[in-house]
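Student: Compute the structure for the input listed below.
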Amino acid sequence: MERNEKNMSDKGETPLERLDEELRHFGEFIASIPVPAETRQLWDQLQLQLLRQLGEEKAKGKE
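Tutor: Numbering: from 1, shown residues only. Okay, the predicted model is just below:
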């Protein structure tokens with residue numbers, strides 16, 4: 001865990017950027033395994049919702 005935090009600070013990533021990166025990796029994982037269509041649809045909906053929230057948080061940070 002400490003190593004991940006150190007790597008994060010070395011790259012200058014914010015927690016939101018780190019979350020975005022982790023979600024991207026998880027999405028790649030989900031895409032690579034056989035899952036029911038319903039599961040894939042739920043993941044897509046969740047991902048869109050999280051991306052919207054991430055965008056809102058980034059916009060708040062810029063104000």
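Student: Buried residues in the helix or strand harbouring L48, which are they?
Tutor: Using DSSP states H and E, L48 sits within helix 37-62. Judged by neighbour count using 16 or more other C-beta atoms under 10 Å, helix 37-62 contains no buried positions. Just so you know, the C-beta spots here come from the backbone N, C-alpha and C atoms, and that holds for glycine as well.
Student: And for stretch 55-63, what's in contact with it?
Tutor: L16 (C-beta atoms under 8 Å, 6 or more residues apart in numbering).
Student: Off-centre distance for that stretch?
Tutor: 16 Å (C-alpha atoms, centre = their mean, to the nearest Å).
Student: And the nearest residue to L19 once chain neighbours are set aside, what's its pLDDT?
Tutor: Nearest-residue entry for L19: L54, 7.0 Å, with adjacent residues in sequence omitted and distances by C-beta to C-beta, 6 or more residues apart in numbering. pLDDT for L54: 82.
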